[in-house]
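S.K.: Sequence and predicted structure below; questions after.
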Amino acid sequence: MRYDLQPYVLSLRVTERCNVGCNHCSLSAKPTGRDMSFDLAKEAIHKAAEEGIGLLHISGGEPLLYPHLPEVVKEGAAAGMVVEMVTSTFTCCGNETIELEMFRQLGDSGLTTILLSYDDGHARCVGIDRFTRFVRVAMEIGLDICIFGTEAPHALVTVDKIAKTFSHNGIDINQLEWARGMFSYVGRGAARLSNSDLIGKISSARCPYVMLVPTLIPDGKFLLCPCAILQAELFTVGDYHVDGMPKVLNNLKCSPIYRMLGKFGPHMSLLKCGVDEQDIPFEICHACEKYLQTIATKTKYELEEIFDHQNLDEIYVDYEALLPPHKKYARTRKIV
């Protein structure tokens, strides 16, 4: 399937707070941090819907800690969006009954899809029995469910082991979607970076989020993707308060900087910028950061020389790299 590469998801990082403290967290989330104002979230949702964005992705931090979560879900549903949320289910409130009721309230508010994150980091705070109970409730509500596991080298908790445990507890695993992600060595995860992680053949892989999932954070900045914090000025694609939604989305769709990144991936884009292969990071997030930093050093003439030879008019989504819920959305909405 060939879908034109353009934003189709509005990602709201509604809170930076999370109580789990996973040592692989690419966002370095912690118990303290900023929350997005409800007014900003509400306005962004409806402006994005006016621009044709049809999928609302709610993340954090841990979005269950966000005080206006049911209201944000309602606004997304009222705007005609498919509303999904990623969560570990852990709030540290000490009352699982209240947390399960929050799930039911979100279903009543219009939540359609939930991505449940479980791996070695989350398992420290969320036992598999508790996690299983939340999956059962999500199934009872009728949510589309995707179990997502980040599998670091030598992981104890894997997607296959989760599926085996669910089957043993009478859950029909065929009713669930499954996805596994590789470890990202950014944020707190950077502390686990070793030389062996940097050795490997340069990849031609494209990030499944670039250009597709612009991410609004609590201060109104729009980031290139929802999964990392990169120290590159061009990782910020706009400011909602200054630019407004149409300009941010247009910049993302039309800028050759992002179009080349979306078409070729960061490793190949760096090669096209003249960077020696031996100087290109193997890990994809680090390669993306280096690409954005490299582009920022180029003159206007140098950029024209690079972009004019890349045929950036037609770029298509790497459909197979999308998360299962996004594949379903792409099929049903016929994104072209």
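M.R.: Yep, it's here. As the structure is a computational prediction, the values presented were derived from the model and not from experiment.
S.K.: Is the spatially most central residue of the chain in a helix, a strand, or coil?
M.R.: By Cα atoms, centre = their mean, the chain has its centre lying nearest to residue 226, at 3.8 Å. With DSSP: H, G, I helix; E, B strand; the rest coil as the basis, residue 226 sits in coil.
S.K.: Now do the contacts for it.
M.R.: With contact taken as Cβ atoms under 8 Å, 6 or more residues apart in numbering, residue 226 is in contact with 11, 13, 57, 59, 209, 213, 215. The way it works is simple: take the backbone N, C-alpha and C, and place the C-beta from them, glycine included.
S.K.: Next: residue 166.
M.R.: Contacts of residue 166 (Cβ under 8 Å, 6+ apart): 132, 135, 173, 176.
S.K.: which element is it on?
M.R.: With secondary structure defined by DSSP states H and E, residue 166 is part of helix 159-168.
S.K.: Adjacent strands (with direction) for the helix or strand immediately after that helix in the chain?
M.R.: Heading C-terminal from helix 159-168, the first helix or strand you meet, by DSSP H and E, is strand 177-182. The strands beside strand 177-182 in its sheet (DSSP bridges) come out as strand 144-151 (parallel).
S.K.: sorry, back to before: neighbour-wise, which one of the contacts of residue 166 leads?
M.R.: Neighbour counts for those peak at residue 135, which has 24 neighbours (criterion: other Cβ atoms under 10 Å).
S.K.: What segments of the stretch 201-336 of the chain are helices?
M.R.: Along the stretch 201-336 of the chain, the segments classed as helices by DSSP state H, counting those that start in this stretch run 240-254, 256-272, 284-296, 300-307, 324-333.
S.K.: Quick check: which of those helices is nearest to residue 29?
M.R.: helix 284-296 (16.0 Å; Cβ to Cβ).
S.K.: Surely residue 128 is in contact with residue 165?
M.R.: Yes - between residue 128 and residue 165 there is a contact at 5.6 Å, judged by Cβ atoms under 8 Å.
S.K.: before we move on, the earlier item: check the gap between the residue nearest to the centre of the chain and residue 280 for me.
M.R.: For residue 226, the distance to residue 280 equals 24 Å [Cβ to Cβ, to the nearest Å].
S.K.: on that earlier part again, ok, the contacts of residue 226 vs residue 261, which is closest?
M.R.: Looking at the contacts of residue 226 and their distance to residue 261, the nearest is residue 209, at 10.7 Å (Cβ to Cβ).
S.K.: Make TSV out of the helices of the stretch 201-336 of the chain and add mean neighbour count.
M.R.: Compiled in TSV, the helices of the stretch 201-336 of the chain are given as follows (neighbours: other Cβ atoms under 10 Å):
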stretch	mean neighbour count
helix 240-254	16
helix 256-272	22
helix 284-296	21
helix 300-307	13
helix 324-333	17
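S.K.: so which of those helices comes closest to residue 97?
M.R.: With distances scored as Cβ to Cβ, the stretch of these nearest to residue 97 is helix 324-333 (27.6 Å).
S.K.: still on that earlier bit, what angle sits between the helix holding residue 166 and strand 177-182?
M.R.: 150 degrees (axes from the mean of the first three to the mean of the last three Cα atoms, to 10 degrees).
S.K.: Average pLDDT for helix 159-168, rounded please.
M.R.: The average pLDDT for helix 159-168 rounds to 93.
S.K.: could I get it in CSV with only the CA atoms?
M.R.: In CSV, the C-alpha atoms belonging to helix 159-168 read as follows (Å, rounded to 0.1, in the frame of the first residue of the first chain):
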residue,chain,number,x,y,z
VAL,A,159,6.0,-9.7,23.8
ASP,A,160,6.1,-13.5,23.4
LYS,A,161,6.2,-14.0,27.2
ILE,A,162,3.3,-11.6,27.7
ALA,A,163,1.2,-13.4,25.1
LYS,A,164,2.0,-16.8,26.8
THR,A,165,0.9,-15.4,30.2
PHE,A,166,-2.3,-14.0,28.7
SER,A,167,-3.1,-17.3,27.1
HIS,A,168,-2.5,-19.2,30.3
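S.K.: quick one: buried residues of that helix?
M.R.: Neighbour-count burial for helix 159-168, counted by 16 or more other Cβ atoms under 10 Å, picks out 159, 162, 163, 165, 166.
S.K.: and what of stretch 111-128?
M.R.: By 16+ other Cβ under 10 Å, the buried positions in stretch 111-128 come out as 111-123, 125-126.
S.K.: Farthest pair within the residues you listed?
M.R.: 112 and 120 (28.7 Å).
S.K.: Put together CSV for the contacts of residue 226, with distance to residue 96 and neighbour count on each row.
M.R.: Converted to CSV, those look like this (distance: Cβ to Cβ, whole Å; neighbours: other Cβ atoms under 10 Å):
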residue, distance to residue 96, neighbour count
11, 28, 25
13, 26, 25
57, 26, 24
59, 22, 22
209, 32, 23
213, 31, 23
215, 30, 21
